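> Return atomic coordinates for the entry below.
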Amino acid sequence: MKILVFGASGLLGYAVSQVSLRRNHKTTAIYHRNPIKLQGLEQIHSLDLMEEDAVQRILFDEWPDAVVNAAAISQPDLVDSDPQKSFKINVSFSKKLAQLTNHIGAKLIHISTDMVFDGEDPEYRSTSMPNPLTTYGQQKLLAEKEVLKHGGQNVVVLRSTILNGNSMTGQRSLHESLIRAAMSGKKVNLFTDEFRQPCHASNLAEIIVELIERSQLHGIFHWGGTELVSRYQMGIAIMKRFALPTDCIVASTHKNLPPGIKRPKSLRLILDPLMSKVKTKPQNFYEQLQELELNWDLYQWFKKNTRDPESYVFKIVL
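Next up, the predicted model:
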């Protein structure tokens, strides 16, 4: 199949491109600022997603069987600082992409978030009523509605949760950010009272490509890891996985949020019915930790500061 990946230089988009190639699909990568380097790609395009004519040309020139929308402004603070810009990427672009994929008859996998929920219920199904607390969550919910309205019958809205994994730049995922903070002597505040269901980007990428391959699956689905973990627990576990000091992590609570700012406290996604229909299996947090890797500069610092140099061995890719 011919697959087009938007946001291919991001943590998830890069993983999707890798999985797509490994499963022998013709893969075209679309990025904005960070050029993607991955052997085997059919095409690589740099594109400003706010230029609708350019987006349309790419779709019509490539005419793919499937499109993955992994492009988004997903950091809530960046969304809050410039909601108009994030709206153009998170909502307007998503709507346009749905219209175009529907026109050419391509399957669309649109990535959404657990942040469309308020965190007040014990668990959330794909049929649960959304109630986003943040501007980011509100924009992603609106994007879902636009995609389902304009994308025709061959659309999947896949809600996922906080991602970890190995980014293309070595600076995008949680473990990379934590270790870089430790390198520079900075402290990182992580909530003890905010629980998420962490998922490894490569595992989410596997389910995305499998959804592309299974033409009969469409609609809204949930995917994530198998465990509910606080952000603080995640951070501590990551540093311990590499046998590194944890003193760069400071325990914080939602009481420390600025006035008027609200965040969901607990977001447990129910992974059925999707889990019962696919071969890909969700991972527990320990399995995700074992797949974390370090860039060369992080590895040099790691060797000097770890209590156990054998806790991680640098992988040389030929």
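> Just list the residues touching I36, thanks.
8-9, 14, 17, 29, 44, 168 (C-beta atoms under 8 Å, 6 or more residues apart in numbering). (C-beta placed from N, C-alpha, C; glycine too.)
> Mind jotting down where the strands sit in the stretch 101-250 of the chain?
Applying DSSP state E, counting those that start in this stretch to the stretch 101-250 of the chain gives strands spanning 107-113, 155-160, 163-164, 188-191, 195-196, 199-200, 219-222, 229-230, 249-252.
> Can you show me the CA trace of the longest one as CSV?
Listed in CSV are the C-alpha atoms of strand 107-113, where the atom choice follows Å, rounded to 0.1, in the frame of the first residue of the first chain:
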residue,chain,number,x,y,z
LYS,A,107,-8.2,5.8,4.4
LEU,A,108,-7.5,8.4,7.0
ILE,A,109,-6.0,7.6,10.4
HIS,A,110,-6.4,10.7,12.6
ILE,A,111,-4.6,10.8,15.9
SER,A,112,-6.5,12.2,18.8
THR,A,113,-5.9,12.3,22.6
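> who does the helix or strand of the chain at the bottom of the mean pLDDT ranking touch, helix- and strand-wise?
Lowest on mean pLDDT, DSSP states H and E among the helices and strands of the chain sits helix 76-81, with a mean of 89. Under the contact definition 3 or more C-beta pairs under 8 Å, 6 or more residues apart in numbering; DSSP states H and E, helix 76-81 sits against helix 135-150.
> Put the alpha carbons of the helix it packs on into CSV.
Extracted C-alpha coordinates of helix 135-150, given in CSV (Å, rounded to 0.1, in the frame of the first residue of the first chain):
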residue,chain,number,x,y,z
THR,A,135,-7.7,24.4,25.1
TYR,A,136,-5.7,21.6,23.5
GLY,A,137,-8.4,19.0,24.5
GLN,A,138,-11.1,21.3,23.1
GLN,A,139,-9.3,21.7,19.8
LYS,A,140,-8.7,18.0,19.4
LEU,A,141,-12.3,17.2,20.2
LEU,A,142,-13.4,19.7,17.5
ALA,A,143,-10.9,18.2,15.1
GLU,A,144,-12.5,14.7,15.7
LYS,A,145,-15.9,16.1,14.8
GLU,A,146,-14.6,17.7,11.7
VAL,A,147,-12.7,14.6,10.6
LEU,A,148,-15.7,12.3,11.1
LYS,A,149,-18.0,14.8,9.4
HIS,A,150,-15.9,15.3,6.3
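> what comes into contact with that helix?
With C-beta under 8 Å, 6+ apart, helix 135-150 has contacts from 69, 72-76, 79-80, 83, 86-87, 90-91, 94-95, 97-99, 102, 108, 110, 112-113, 115-117, 130, 132, 155, 157, 220, 264.
> Could you list the buried residues of the least confident helix or strand of the chain?
For helix 76-81, a neighbour-count test (16 or more other C-beta atoms under 10 Å) marks 76, 79 as buried.
> For the helix or strand just after that helix, name the packing helices and strands.
Next helix or strand after helix 76-81 toward the C-terminus (DSSP states H and E): helix 83-87. For helix 83-87, the elements it packs on are helix 135-150, judged by 3+ C-beta pairs under 8 Å, 6+ apart.
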